[in-house]
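# Next comes the sequence, and after it the predicted model I'd like to discuss.
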Amino acid sequence: MKRTVPIFILSALLYSCTEKDGKVEVAESAPQEISLPFESISLNDLGDFKKTSSNWSIVGDVYVDRLKDKQITASEGSGVLVNIPDSESKAHIFTNVEHGDIELEVDVMMPKGSNSGLYFQGRYEVQLFDSWKAEEATFSDMGGIYQRWDATKEKGSEGYEGSAPRMNAAKAPGLWQHLKVIFHAPQFDASGRKVKDAEFEEVWLNGVLIHQNVKVSGPTRAAIANDEVPKAPLMIQGDHGSVAFKNFSYKLYGNPSLSFVDMKMREFESEHVLLPNVDTLTPIREVDTDSISSAMVVGKKVTRILDYKGKMLVPVTGDYLFDFKLNQAGGLLIIDNDTVVNHDGRFTLDSLGLAKVPLTKGEVPFRLIYNKHNPWNIGFGLYVEGPGIQRHSVHAKSSINDRPHIGKNRIMVEPSDKAVTQRSFLMHGDEKRTHCISVGTPEKINYAYDLTSGSLLEVWSGEFLDATQMWHARGIKQLGEPAGFAVSFHGDPEFALLTDGGAQWPTEIGEEDFQMSQGYELDKKGIPMFIRKIGSKKLLDKIDVLSNERGVTRTVETSGDGAIWHKVADGESIKKLPDGSYIVNNESYFVHFADQGLAPTVRKSNGKDELIVKIPSGEQKIQYNIIW
């Protein structure tokens, strides 16, 4: 028996939905992660791949010295696929699974100067290349969509098409890099004639969208075949250079999308932030409609309630994930008499509105209520993902503006002949930090620092700061956004008074943290020196640009009585490498300490590895590089 939630029994809680006995349960609790599962390619052995040559193997871990060409060292175990080719063994490798439309995620490690390729359907290549120091990325750099080739053309012009990444988001050799690709296979009519080209809808490298909606008219150079087919295996190039992979996961798409029929919309006048019982109100109009949209509101700068009722056409039985987003408004999503998302009150586009719902193929009743109680903002979005169905919007395009300001509409801050600093709010994960300063340099190595916690929040290369959300119109969010390829850090207070090396590191920023900051001073290049006090100790903290690598060098000088501790990094794992560097594996970056007496320690705390240094009493100096 389904549980019906009356429309007038509401609260401003965020509800999380879970499935039990084939039904949706709505729990009044803190939000939890809800998602549809990926399939995985097992790396316990080579059983999920077709037979290949001995250059391919399953190992436990790999190590790359970022200064040595094309070298990769493997250790025994499982979980990592590695290719180490030689003159006799250099075959490609193919997955057993064949794909058409696919969403694929994988981590890859490139040695210095190495080259490989990930071929979708064995025919359309996303390039894998050590492009760490490339100033302007091309189609042949990391993440590039490789060019096609016509040997009959005049020499020098055989290559054509090909798509360069929007920016160079490649990490240093020896670091794990995350690749996410949404690929659509070519389509064919009943006679076998191609009616739609293959397309890379999205390619993400290390969290940066580097391609969007790139069509490929045919197989790229060095494809396994020149024909095009609905389905074929994934291929990894094995004859060009060493490479390693882990964490293969994918979703196969191809089922029809969910849609609506028999819809009606009622519109009500209302200024209530919390929803009244709409079934007792008199509508100002009632219309048939074939779409759901906030733009159905009559009049400008008004407050309204839109109440949509209809049926969902569910194309296949299984779990469906709904995401209901609201722009400074309230709303409900009700499916088959279950309230699966309750956003009664005022919710923003950043609010979680996820619900996983088991549905049976056929017609399912639904109701969506949108409460536009703010005359100045408008918009809601409803997105859905299902079994073999890619996430897609089911609202009309007029309902919400999904895209931030981009291109010529952005308001940018950029350095000229010296570094520039910009104060702003910044997002660190899901948290808005309010006392931040970002520093941009002429070398295009930039960073953001939290003045309250004394922590380095993130570093990035490329363009400096997008100030659109600070300066456009009223600048409602007051957010600065790193404009380049960024790597984030833990964001906890970085200096603490611990009783000993086993004490738990503080993660909350207390009132005393606000008193620690003593401001900063700028040097001749415009680089700030941050000044802090903790207990009786004075700290000078400076972050500058490395001269020969993509990275920063950090110098911390202390004076005064008593010992303090400095947390340099934390992550899912931190390992000391043979070259003396530490690799931090969550965001994946290197930390390298200059030769000195103050040696760091790796410890387990708060469920993570932490890299910490004890700073003794008196005048002390620590210096280390962060490389990504």
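That came through fine. A quick note: this is a predicted structure, and the numbers were derived from the prediction, not measured.

# what mean pLDDT does stretch 210-227 have?
When pLDDT is averaged over stretch 210-227, the result is 97.

# what does that stretch rub up against?
92, 117, 119, 122-125, 143, 145-149, 159, 161-163, 165-167, 169, 197-204, 228, 235, 237 (C-beta atoms under 8 Å, 6 or more residues apart in numbering). Quick note: C-beta positions are derived from backbone N, CA and C, even for glycine.

# Run the chain-centre distance for that stretch.
Taking C-alpha atoms, centre = their mean, to the nearest Å, one finds the center of stretch 210-227 at 25 Å from the center of the full chain.

# Stretch 453-470 too?
Counting by C-alpha atoms, centre = their mean, stretch 453-470 is centred 16 Å from the centre of its parent chain.

# Filter the contacts of stretch 210-227 down to the buried ones, PyMOL style.
Here is the PyMOL command that selects the buried residues among the contacts of stretch 210-227 (16 or more other C-beta atoms under 10 Å):
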select buried, resi 92+117+119+122+123+124+125+143+145+146+147+148+149+159+161+162+163+165+167+169+197+198+199+200+201+202+203+204+228+235+237
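
# Could you tell me which ranges of the stretch 1-150 of the chain sit under the pLDDT cut-off?
1-33 (pLDDT under 70).

# Same check on the stretch 151-300 of the chain?
For the stretch 151-300 of the chain, no range has pLDDT under 70.

# Where do the strands of it begin and end?
Here the stretch 151-300 of the chain has its strands, by DSSP state E, counting those that start in this stretch, at 159-160, 176-184, 187-188, 194-196, 198-205, 208-216, 232-236, 243-253, 259-269, 285-289.

# Tabulate those in CSV, adding columns for distance to Thr73.
Formatted as CSV, the strands of the stretch 151-300 of the chain follow (distance: least, C-beta to C-beta, whole Å):
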stretch, distance to Thr73
strand 159-160, 34
strand 176-184, 15
strand 187-188, 44
strand 194-196, 44
strand 198-205, 24
strand 208-216, 29
strand 232-236, 20
strand 243-253, 10
strand 259-269, 53
strand 285-289, 62
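
# I'd like to know which of the contacts of stretch 210-227 are part of helices.
Among the contacts of stretch 210-227, none falls in helices (DSSP state H).

# partner residues bridging Ala486?
Trp460 (DSSP bridges).

# Do I have it right that it meets Met167?
No: counting by C-beta atoms under 8 Å, Ala486 stays clear of Met167, with 11.1 Å between them.

# Against Asn168, how distant is the nearest residue to Gly159 once chain neighbours are set aside?
Once flanking residues are discounted, Gly159 sits nearest to Gln147: 4.3 Å by C-beta to C-beta, 6 or more residues apart in numbering. In this view, Gln147 and Asn168 are 18 Å apart by C-beta to C-beta, to the nearest Å.

# check contacts around the closest residue to Trp471 other than its chain neighbours.
Distances taken as C-beta to C-beta, 6+ apart put Ile411 closest to Trp471, at 5.0 Å, once the chain neighbours are dropped. By C-beta under 8 Å, 6+ apart, Ile411 lies in contact with His405, Asp466, Ala467, Thr468, Met470, Trp471, His472.

# Go ahead and build a PyMOL selection from the buried members of those residues.
Of the contacts of Ile411, the buried ones go into a single PyMOL selection, burial set by 16+ other C-beta under 10 Å:
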select buried, resi 466+467+468+470
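
# and the contacts of Ile411 as CSV, adding pLDDT and secondary structure?
Output for the contacts of Ile411, formatted as CSV (pLDDT from 0 to 100; DSSP: H, G, I helix; E, B strand; the rest coil):
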residue, pLDDT, secondary structure
His405, 42, coil
Asp466, 95, strand
Ala467, 94, coil
Thr468, 92, helix
Met470, 91, helix
Trp471, 90, helix
His472, 85, coil
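
# Just the closest of the contacts of Ile411 to Leu457, please.
Leu457 has its nearest neighbour among the contacts of Ile411 in Asp466, at 15.6 Å by C-beta to C-beta.

# pretty sure that closest one contacts Gly480?
Yes: contact criterion C-beta under 8 Å: Asp466 and Gly480 qualify, at 7.0 Å.

# okay, and the common contacts of these two?
In contact with both Asp466 and Gly480: Val413, using C-beta under 8 Å, 6+ apart.

# List the contacts of Gly238.
Thr52, Ser53, Asn55, Trp56, Asn83, Pro85, Lys90, Ala91, His92, Ile93, Ser116.

# same thing with Gly77?
Counted by C-beta under 8 Å, 6+ apart, Gly77 has contacts Val59, Gly60, Asp61.

# out of the residues you listed, which are buried?
Val59, Asp61.

# Output the contacts of Gly77 as TSV; include the columns distance to Gly607 and secondary structure.
Below are these laid out as TSV (distance: C-beta to C-beta, whole Å; DSSP: H, G, I helix; E, B strand; the rest coil):
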residue	distance to Gly607	secondary structure
Val59	26	strand
Gly60	22	strand
Asp61	21	strand
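
# Among the contacts of Gly77, pick out the one closest to Arg532, please.
Using C-beta to C-beta, the contacts of Gly77 come closest to Arg532 at Asp61, 37.7 Å.

# so the closest residue to that closest one other than its chain neighbours is in which element?
In space, and not counting its chain neighbours, Asp61 is closest to Ser75: 4.8 Å by C-beta to C-beta, 6+ apart. Applying DSSP states H and E as the criterion places Ser75 in strand 73-83.

# Can you get me a residue count around the residue nearest to Asp61?
10 (other C-beta atoms under 10 Å).

# just Asp262 next, same as before
As a burial measure, Asp262 scores 12 neighbours (other C-beta under 10 Å).

# again with Ala329
Residues contacting Ala329 under the criterion other C-beta under 10 Å number 25.

# Ser57 too?
14.

# Each with direction, which strands does the helix or strand it falls within pair with?
Assigned by DSSP H and E, Ser57 belongs to strand 56-63. When pairing is defined by DSSP bridges, strand 56-63 lines up against strand 73-83 (antiparallel).

# Just the CA atoms of the partner strand, as CSV, please.
In CSV, the C-alpha atoms belonging to strand 73-83 read as follows (Å, rounded to 0.1, in the frame of the first residue of the first chain):
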residue,chain,number,x,y,z
THR,A,73,57.5,0.5,-12.6
ALA,A,74,54.9,-2.0,-11.4
SER,A,75,54.5,-4.0,-8.2
GLU,A,76,52.6,-7.2,-7.7
GLY,A,77,48.9,-7.3,-6.9
SER,A,78,45.6,-6.4,-8.6
GLY,A,79,43.5,-3.3,-9.3
VAL,A,80,45.7,-1.7,-12.0
LEU,A,81,46.0,-2.4,-15.7
VAL,A,82,49.4,-1.5,-17.1
ASN,A,83,50.9,-1.5,-20.5
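
# re the thing from before, can you redo the contacts of Gly238 as JSON lines, where the extra columns are distance to Asp336?
Output for those, formatted as JSON lines (distance: C-beta to C-beta, whole Å):
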{"residue": "Thr52", "distance to Asp336": "49"}
{"residue": "Ser53", "distance to Asp336": "54"}
{"residue": "Asn55", "distance to Asp336": "53"}
{"residue": "Trp56", "distance to Asp336": "48"}
{"residue": "Asn83", "distance to Asp336": "49"}
{"residue": "Pro85", "distance to Asp336": "55"}
{"residue": "Lys90", "distance to Asp336": "56"}
{"residue": "Ala91", "distance to Asp336": "52"}
{"residue": "His92", "distance to Asp336": "48"}
{"residue": "Ile93", "distance to Asp336": "45"}
{"residue": "Ser116", "distance to Asp336": "48"}
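
# which two from those end up farthest apart in space?
Pairwise distances across the contacts of Gly238 (C-beta to C-beta) peak at 15.0 Å, for the pair Ser53 and Ser116.
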